[in-house]
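A.B. asks: This is the structure alone, sequence omitted:
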């Protein structure tokens, strides 16, 4: 969902981050730590609304702050409102709110149905990396939470668009690459940075999925992991893996 993580105040950095090839200086060392196997297919998956239930978790947490989420559009800003006055939270307050949410609640987000089983099956044919736009301070909490729910895979705390990171990872494997994300501009950035990547537009919360059409840059759109697994396995078979 748009604006899941707070953006930095530096205009130059913000402009750079719109380049689909850009990799933030905090992200590159994480990518270089990975020991990917050349020649083995790679699945790069977002976490929020793909592996874990971001919206449901956010709604639960907002209750503790006297706030609620009005799911009227595919945006957070303007849709988070005060329960008593129904006034939307000010845009200037959104970055801190999301910082607080990830600090308080990353560990508590519940896995999307079927995600762990699908990835376990796919891991027999591909290596898996989680590429999540989460504050780097919460990288460990995200990895621990996913592992506890049967998804023990490397986690990269990304910042900005994801095209540059996926391009970097693809160059390391020189094999079929699959990318799953709920946000269209991340999918578009991957299409521009590494066109051969198979791109899946995945939105687990079906209420949210109804608010936005499938990305024009995706090859497949779904809210179900069984369908995503079938698509990935079909493409792997087509390409001889």
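C.D. replies: The structure has been received and is ready for your questions. In this text the structure is predicted, and so the values were computed from the model without any measurement. Numbers count the residues shown, from 1 in each chain.

A.B. asks: ranges for the strands of this structure?
C.D. replies: 42-45, 67-69, 80-82, 127-132, 155-157, 177-181, 198-202, 220-222 (DSSP state E).

A.B. asks: as a whole number, average confidence for the fifth one?
C.D. replies: Per-residue pLDDT over strand 155-157 has a mean of 98.

A.B. asks: Tell me which residues are up against it.
C.D. replies: Here strand 155-157 makes contact (CB atoms under 8 Å, 6 or more residues apart in numbering) with 26-27, 30-31, 34, 47, 129-136, 138-139, 142-143, 146, 165. The C-beta positions use only the backbone N, C-alpha and C, and glycine is treated the same way.

A.B. asks: residues touching residue 149, list them.
C.D. replies: Residue 149 neighbours (CB under 8 Å, 6+ apart): 52, 110, 111, 116.

A.B. asks: which one of the residues you listed sits closest to residue 195?
C.D. replies: Nearest to residue 195 among those, counting by CB to CB, is residue 52 at 28.5 Å.

A.B. asks: what about the nearest residue to the closest one once chain neighbours are set aside, distance to residue 23?
C.D. replies: Nearest non-adjacent residue to residue 52, counting by CB to CB, 6 or more residues apart in numbering: residue 109, 4.0 Å away. Taking CB to CB, to the nearest Å as the criterion, residue 109 is separated from residue 23 by 26 Å.

A.B. asks: returning to that earlier point: can you redo the strands of the chain as CSV with mean neighbour count?
C.D. replies: Below are those laid out as CSV (neighbours: other CB atoms under 10 Å):
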stretch, mean neighbour count
strand 42-45, 23
strand 67-69, 16
strand 80-82, 17
strand 127-132, 23
strand 155-157, 23
strand 177-181, 27
strand 198-202, 24
strand 220-222, 19
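
A.B. asks: Which stretch among those approaches residue 100 most closely?
C.D. replies: Per CB to CB, nearest to residue 100 of these: strand 67-69, 11.2 Å.
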